[in-house]
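1. coordinates only, sequence not included:
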């Protein structure tokens, strides 16, 4: 049995992966905060952007970490459809969680219900991404570590949804995103530690795309999306500025005597 080496590039890949997860979380939290004071279509648009930020940040963290992964007995390639499906799963499950919390009548109960479901979806994203690996061997998993990784994903998702609806200030968002990035990275490397490879002597040509051919360009594209979103959020009205017209309208309505 042969394990995977997760630090082939030293600490470079893990550090970049962590920063990416934090950036996605921060952008998602800021967009969610804006959605909660918006109405109609605007609220839904902010939530969709938030889901794309958090989901793509989680996915990108996973595959940047995988760029530092190697198997001594085999090259690694990726099944393209499964890899893209894992990205879609990440954004969809986060989006469903945010929608459930933002539109739920009782937000605390919504967080407690949507958090575990979203966490299971994030874990599914990870293991779907692992299923996309093509190598000369069979990947087997330590069930205890798999269970631990799923538990971490559930805790991380629940905490993320709670932070999304409860935290509005810049400093609170910064701290929450750092913690979220840490839990996402912890889930990833716990799950990766659970994976062991049974090598096979057969050396047929592996299907799929190499990391440089496929994973790296996708990561650059997602990273560019997060960078553009960062500028978009920075230039958009803050939560306080969005709340001012609502407060002014309420005050005006209260000052007009009823006939």
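-> Happy to help now that I have it. In this text, all values refer to a predicted model and were calculated from it rather than measured experimentally.

2. all helices for this structure, in order.
-> Secondary structure of the chain (DSSP state H): helices at 12-35, 40-67, 80-103, 107-131, 143-166, 170-193, 216-235, 239-255.

3. Give me the nearest residue to the residue sitting nearest the centre point of the chain, chain neighbours excluded.
-> The centroid of the chain falls nearest to residue 58 when counting by CA atoms, centre = their mean (2.7 Å). Spatial nearest neighbour of residue 58, excluding adjacent residues (CB to CB, 6 or more residues apart in numbering): residue 90 at 5.2 Å. Where you see a C-beta, it was placed from the backbone N, CA and C, and this is true even at glycine.

4. just for the stretch 151-259 of the chain, where's the confidence low?
-> 203, 233-259 (pLDDT under 70).

5. Try it again at 90.
-> Within the stretch 151-259 of the chain, the stretches with pLDDT under 90 are 156-185, 191-259.

6. re earlier: do you know which of the helices of the chain lies nearest residue 202?
-> Ranking those by proximity to residue 202 (CB to CB) places helix 107-131 first, at 19.7 Å.

7. For the closest one, which outside residues touch it?
-> 58-59, 62-63, 66, 79, 82-83, 85-87, 89-90, 92-94, 96-97, 100-101, 104, 139, 149-150, 153-162, 165, 184, 187-188, 191, 195 (CB atoms under 8 Å, 6 or more residues apart in numbering).

8. Over to stretch 64-71?
-> 2, 4-10, 12-14, 16-17, 20, 76, 129, 135, 137, 185, 188-189, 192, 197, 199, 211, 215-216, 219.

9. Whichever of the contacts of helix 107-131 end up buried, select them in ChimeraX.
-> To isolate the buried members of the contacts of helix 107-131 in ChimeraX, using 16 or more other CB atoms under 10 Å:
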select :58,59,62,63,66,79,82,83,85,86,87,89,90,93,94,97,100,101,149,150,153,154,155,156,157,158,159,160,161,162,165,184,187,188,191,195
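
10. For the residue nearest to residue 58, give me its contacts.
-> 55-56, 58-59, 121-122, 125 are the contacts of residue 90 under CB under 8 Å, 6+ apart.

11. Equivalent analysis for residue 17, please.
-> Counted by CB under 8 Å, 6+ apart, residue 17 has contacts 60-62, 64-65, 185, 188.

12. ok, those residues vs residue 145, which is closest?
-> Nearest to residue 145 among those, with distances taken as CB to CB, is residue 188, at 12.1 Å.

13. doesn't residue 59 make contact with the closest one?
-> No. Assessed by CB atoms under 8 Å, residue 188 is found out of contact with residue 59, at 10.6 Å.

14. Just the buried ones from the contacts of stretch 64-71?
-> Buried among these (16+ other CB under 10 Å): 4, 6, 13-14, 16-17, 20, 76, 129, 135, 137, 185, 188-189, 192, 197, 211, 215, 219.

15. Let me know which of the helices of the chain is the nearest to residue 206.
-> That would be helix 80-103 among the helices of the chain, by CB to CB, at 12.8 Å.

16. Just give me how far that closest one sits from the chain centre.
-> Relative to its chain's centre, helix 80-103 lies at 9 Å (CA atoms, centre = their mean, to the nearest Å).

17. what's the answer for stretch 35-49, then?
-> For stretch 35-49, the distance to the chain centre is 19 Å (CA atoms, centre = their mean).

18. List the buried residues of that stretch.
-> 35-38, 43, 46-49.

19. can you check stretch 217-228 too?
-> Under the neighbour-count rule (16+ other CB under 10 Å), stretch 217-228 has 218-219, 222-223, 225-226 buried.

20. now swap in stretch 114-124 and tell me
-> 114-116, 118-119, 121-124.

21. mean confidence score for that stretch?
-> Mean pLDDT, computed over stretch 114-124, is 89.

22. Then stretch 64-80?
-> 83.

23. quick one: terminal-to-terminal distance for that stretch?
-> End-to-end distance of stretch 64-80 (CA to CA, to the nearest Å): 16 Å.

24. still on that earlier bit, so which of the buried residues of stretch 217-228 comes closest to residue 175?
-> Checking these against residue 175 with CB to CB, the nearest one is residue 226 at 19.2 Å.
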